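# Dropping a prediction and its sequence here:
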Amino acid sequence: MKTPFGVVDGDGHILEPEHRLREYIEGPYGEMKQIHCYIPNKDGIVGTSASVIATKSYMDSTLGGRLGTHGGADFPTPQDWLDNADAGGMETVFLFPTVLLGYSGIRDPDYQVALGRGYNNYVYEEWLRFSPRFKSVAMVPLKDIQESVREMRRCVEELGYSGIFVGATGAGLLGDRRFDPLYAEAERLGTTIAVHGGHATAEYNNYTKFIQSHTIGFPVSNMIQMMHMTYEGVFEKFPNLKVGYLEGGCSWVPGMLDRMDEEWEKRGWFETPNCKKEPSEYIKSGNVFIHAEPSEKLIPDVIRLMGSNRLFYASDWPHWDHEYPESLYSIWDRTDLSETDKKAILRDNALEMYNLPG
């Protein structure tokens, strides 16, 4: 089954093989024996024994390779991804990293600069140039905001990137005013800030099962960043800035907006001077986009609150928890969404978020 239009994947992944990525890292960091602390095994699976040894808080998300889609050490190749996209009728795929979803947490600012630039060059040379159906968001070294601005400008203006990726964990609270120059330049460029959920909460190292961390961390990390960015005035100061919150679902949004509005009504006049309207007004203004999980029962309620042009689809392929192409079909087969809503989620909204023509 295929939809009557080309689907846009707002968040697919590559596995950035270490031996290929190293070729693009300039200076001494490219000579390191191990770039990633979580490295794929001989079958290309991330999260096996080498990863478990690397850090006691990491567990095997693939359950020994039972979950997700796997291949050899270079899997998925660009052709693998195109074949996969064809299987579900995908027209465009926005690519994100896998291991380097934790990029924002790198402590060494020089390493962050070198690794980010190397990754961006690798994706451009081996993916974006391979097919116009591939799009991507750049990694920028948030420990150095001036360098982040320069790298974003280079990637967007010279390499054709569609925005930048920011981890919801690892970089601190994204409403901090030190990020203002980055947001100002993103607004000027008309490009997108894609905030990708991660393993959040202070109790992270105390969870005893991966399921515990993954269940709570991804939506909570997005909630934290949306709250902080709104209260600290990011959407007031940069009214044309487009921000997406990824891989945390959308069902939490109505309750979060109600809670922010209630808190703002009581304390906003004193503690959020740069948040001059009800927080929900900013989130519903048209520049904030939310990833919708196909299984979420409350998608129609979120649409009633946010409008039909705010939610977007993501395959998450080839990660351990993807359900592509069934996830795509399950949205198209829903009886509680109009065809207009389905097309908006599966195509139109991602194009708007990433500033691509329809």
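Sure, I can see it. Residues are numbered from 1 along each chain as shown.
# how about the helices in the protein?
For the chain, applying DSSP state H gives helices covering 18-21, 49-54, 78-88, 109-123, 145-157, 180-189, 210-231, 234-237, 253-271, 279-283, 299-306, 326-332, 339-343, 349-353.
# Spatially central residue for this structure, please.
Residue closest to the average C-alpha location in the chain (Cα atoms, centre = their mean): residue 196, at 3.2 Å.
# Run through the bridge partners of that residue.
Per DSSP bridges, the residues bridged to residue 196 are residue 167, residue 246.
# I'd say it and residue 168 touch.
Yes. Counting by Cβ atoms under 8 Å, residue 196 does reach residue 168; the two are 6.1 Å apart. Using the backbone N, CA and C atoms, a C-beta is placed for each residue, glycine as well.
# now residue 189: how far from residue 164?
In this view, residue 189 and residue 164 are 10 Å apart by Cβ to Cβ, to the nearest Å.
# Comparing the two, which residue is more hemmed in?
More crowded of residue 189 and residue 164, by other Cβ atoms under 10 Å: residue 164, with 26 against 18.
# how about the more buried one, what does it touch?
Each residue near residue 164 by Cβ atoms under 8 Å, 6 or more residues apart in numbering is listed here: 137-140, 148, 152, 155, 182, 186, 191-194.
# hmm, 6 Å instead?
Listed by Cβ atoms under 6 Å, 6 or more residues apart in numbering, the contact set of residue 164 reads 137, 138, 140, 152.
# just those residues now: which is nearest residue 243?
Among the contacts of residue 164, residue 137 lies closest to residue 243 (Cβ to Cβ), at 12.1 Å.
# number of nearby residues for that closest one?
29.
# my guess is it meets residue 167, correct?
No. In this structure residue 137 lies outside contact range of residue 167 using Cβ atoms under 6 Å: 11.6 Å.
# So, low pLDDT: which residues of this structure?
Regions of the chain meeting the criterion pLDDT under 70 cover residues 1, 32-59.
# Repeat the analysis, applying 50 as the threshold.
The model of the chain has pLDDT under 50 over residues 38-42, 46-58.
# How much space separates residue 143 from residue 171?
According to Cβ to Cβ, residue 143 stands 8 Å off from residue 171.
# My error: substitute residue 63 in the last question.
Going from residue 63 to residue 171 by Cβ to Cβ gives 30 Å.
# Compare these two and say which is more crowded by neighbours.
Neighbours per residue, other Cβ under 10 Å: of residue 63 and residue 171, the larger number sits with residue 171, 20 against 12.
# Chain neighbours aside, what residue packs nearest to that one?
Among residues not flanking residue 171 along the chain, residue 104 sits closest, at 3.9 Å (Cβ to Cβ, 6 or more residues apart in numbering).
# what's around the one you found, how many residues?
When neighbours are defined as other Cβ under 10 Å, residue 104 has 23 of them.
# any idea how far it is from residue 284?
27 Å.
# try residue 90
Using Cβ to Cβ, residue 90 is found at 29 Å from residue 284.
# Which residue of those two possesses the greater neighbour count?
With neighbours defined as other Cβ under 10 Å, residue 90 and residue 284 compare such that residue 90 has more, 27 against 16.
# so what's the more buried one closest to, chain neighbours aside?
Once flanking residues are discounted, residue 90 sits nearest to residue 7: 4.8 Å by Cβ to Cβ, 6+ apart.
# Would you agree the one you found is in contact with residue 344?
No. If you go by Cβ under 6 Å, residue 7 and residue 344 don't touch, sitting 11.9 Å apart.
# ok, back up a step: could the helices of the chain go into a markdown table alongside distance to residue 291?
Converted to a markdown table, the helices of the chain look like this (distance: least, Cβ to Cβ, whole Å):
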| stretch | distance to residue 291 |
| --- | --- |
| helix 18-21 | 26 |
| helix 49-54 | 25 |
| helix 78-88 | 17 |
| helix 109-123 | 21 |
| helix 145-157 | 22 |
| helix 180-189 | 19 |
| helix 210-231 | 9 |
| helix 234-237 | 18 |
| helix 253-271 | 11 |
| helix 279-283 | 14 |
| helix 299-306 | 11 |
| helix 326-332 | 12 |
| helix 339-343 | 15 |
| helix 349-353 | 9 |
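# which stretch among those helices comes nearest residue 131?
So among those, helix 78-88 is nearest, using Cβ to Cβ, at 6.0 Å.
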